[in-house]
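A.B. asks: 3D model of this:
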Amino acid sequence: MSDDRVPPHPLDARWRLKIGTEVYGPYTGHQIKDFVEEGRVTAASLVTEETGGLWRPMAEIPELGKLLKGASPSAPGDAPVGAPVQGQGLVTAAHAAYALLLLGGFFTWLILPVVGLIVAYVSRQHARDTWLESHFTWQIVTFWYGVAVGIVVLLLFAGIGGAGAGEMISILIGGACAIWLIFRYIKGWLMLSRGKPVV
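C.D. replies: Numbers count the residues shown, from 1 in each chain. You can find the predicted model right below:
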């Protein structure tokens with residue numbers, strides 16, 4: 001009795017994609033072919049078989065590497081259609097933290113910036129080893145330096161260091177610190193808007 005079964009198509013296998021720290025899928029090779037044509041994955045995109053194994057660049061897997069010929073390059077970090085948008089959620093969290101830290105300080109002094117600090121601490125745990133981690137660390141460091149200088153300013157204004165002179169020095173230091181804080185937060189926010197890490 002002859003075996004008339006049709007052999008499986010090479011693209012019927014299922015794969016998982018890793019974009020940044022996020023894992024998506026599994027997707028069939030046919031779906032990944034669509035992602036390539038849409039410019040959502042590149043030769044450097046990491047993939048592994050559905051059942052697990054080593055993560056390898058897509059170009060190193062023969063059946064998937066063939067899909068890359070003639071494909072247009074994509075921006076790194078694009079996620080496949082239908083994939084969870086946790087990465088985008090972290091970007092939103094970074095924007096929110098900058099807004100709370102920068103703008104909140106003008107209206108509520110420490111209340112909203114403390115909320116922004118909490119957002120930065122919580123989000124940084126989920127952004128490990130990604131470009132967004134630099135933004136949350138930037139926010140945290142900037143906040144605590146601002147608090148440290150603020151304490152010095154309050155002590156000087158309260159009279160430690162001499163009446164009159166302490167107040168003038170505290171105003172100068174406080175003004176310089178405020179400019180520094182605004183500069184740091186604006187710089188970080190602009191780099192975030194460009195999709196780049198901050199250093």
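
A.B. asks: residue contacts, the nearest residue to residue 116 once chain neighbours are set aside?
C.D. replies: Closest residue in space to residue 116, ignoring its immediate chain neighbours: residue 100 at 3.0 Å, by Cβ to Cβ, 6 or more residues apart in numbering. C-beta coordinates here come from the backbone N, C-alpha and C atoms, glycine included. Neighbouring residues of residue 100 by Cβ atoms under 8 Å, 6 or more residues apart in numbering: 112-113, 115-116, 119.

A.B. asks: redo these as JSON lines? Include pLDDT, distance to residue 11 and secondary structure.
C.D. replies: Converted to JSON lines, the contacts of residue 100 look like this (pLDDT from 0 to 100; distance: Cβ to Cβ, whole Å; DSSP: H, G, I helix; E, B strand; the rest coil):
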{"residue": "112", "pLDDT": "91", "distance to residue 11": "51", "secondary structure": "helix"}
{"residue": "113", "pLDDT": "92", "distance to residue 11": "51", "secondary structure": "helix"}
{"residue": "115", "pLDDT": "94", "distance to residue 11": "48", "secondary structure": "helix"}
{"residue": "116", "pLDDT": "95", "distance to residue 11": "46", "secondary structure": "helix"}
{"residue": "119", "pLDDT": "95", "distance to residue 11": "42", "secondary structure": "helix"}
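
A.B. asks: which of these sits closest to residue 49?
C.D. replies: Among the contacts of residue 100, residue 119 lies closest to residue 49 (Cβ to Cβ), at 36.9 Å.

A.B. asks: quick check: the closest one touching residue 96?
C.D. replies: Yes. Residue 119 is within contact range of residue 96, at 5.9 Å (criterion: Cβ atoms under 8 Å).

A.B. asks: ok, the two, which is more surrounded?
C.D. replies: Each of residue 119 and residue 96 has its neighbours counted (other Cβ atoms under 10 Å); residue 119 has more, 20 against 15.

A.B. asks: now do the contacts for that one.
C.D. replies: 93, 96-97, 100.

A.B. asks: also residue 137?
C.D. replies: Going by Cβ under 8 Å, 6+ apart, residue 137 touches residue 124.

A.B. asks: how much space between it and residue 183?
C.D. replies: Per Cβ to Cβ, to the nearest Å, residue 137 is found 17 Å from residue 183.

A.B. asks: grab the most central residue of the protein for me.
C.D. replies: Closest residue to the average C-alpha location of the chain: residue 132 at 2.6 Å, with Cα atoms, centre = their mean.

A.B. asks: not counting sequence-adjacent ones, nearest residue to it?
C.D. replies: residue 90 (5.1 Å).

A.B. asks: buried sites along the helix or strand harbouring the one you found?
C.D. replies: Following DSSP states H and E, one finds residue 90 within helix 86-108. Of the residues in helix 86-108, 87, 90-91, 93-94, 97-98, 100-102, 104-105 count as buried by neighbour count, 16 or more other Cβ atoms under 10 Å.

A.B. asks: for this protein, just list every one of the helices.
C.D. replies: If DSSP state H is used as the criterion, the helices of the chain fall at 29-37, 62-65, 86-108, 111-126, 132-157, 165-193.
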